[in-house]
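[1] what's the 3D shape of this:
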Amino acid sequence: MNPAIIFLLLFVGIPLTELYFLIEVGSRIGALTTIFLTVFTAVLGGMMVRMQGFSIAMRVKSGMERGEVPAIEMLEGLLLLISGILLLLPGFFTDLFGFLCLVPPIRRAMILAFLKRSGVMQPSQGFKREVEQKSQPDN
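    Model (predicted):
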């Protein structure tokens, strides 16, 4: 995808979408209630990011003590950072994506999909041969 289109979507499309939703929600429930909701989601999201961040830090620590590379946990930490940034931005659209990143199964699925799409995670050749051998009848 063209970087200029991505830049345009990020810095023009998202704020316009947020502005539209804020105006719509504000016209239905009132301006003060809308402001309260945006502040509330930022505070709630910040607390949730903090709790999950500590949890991931503990998993990284225990994995490193066992001599493992905590790659998935590091990517989860990156998604938590992105989630925290999205939740601090005022608006409901970014809050939706921020809260989705806080759900561990969704976050893990996003990471695995990214790894598979980027070509980092592929089935091993031994696994493929084993599956092929099991599917062939024995003579």
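[2] switch to C-alpha atoms for all contacts and neighbour counts from now on
    Will do.
[3] separation between residue 51 and residue 35?
    Distance of residue 51 to residue 35, given as C-alpha to C-alpha, to the nearest Å: 25 Å.
[4] Next up, phi/psi of the spatially most central residue of the chain, please.
    With the centre of the chain defined as its mean C-alpha position, the nearest residue by C-alpha atoms, centre = their mean is residue 101, 3.3 Å away. Main-chain dihedrals, residue 101, degrees, to the nearest 10: phi -70, psi -10.
[5] In contact with it, which residues?
    Taking C-alpha atoms under 8 Å, 6 or more residues apart in numbering as the criterion, residue 101 is in contact with 79-80, 83, 107.
[6] what's downstream of the host helix or strand of residue 96, the next helix or strand?
    Using DSSP states H and E, residue 96 maps to helix 92-100. Following helix 92-100 in sequence order, the next helix or strand is helix 104-118 (DSSP H and E).
[7] what angle separates that next one from helix 92-100?
    For helix 104-118 against helix 92-100, the angle by axes from the mean of the first three to the mean of the last three C-alpha atoms, to 10 degrees is 90 degrees.
[8] Thanks again, I'm all set now.
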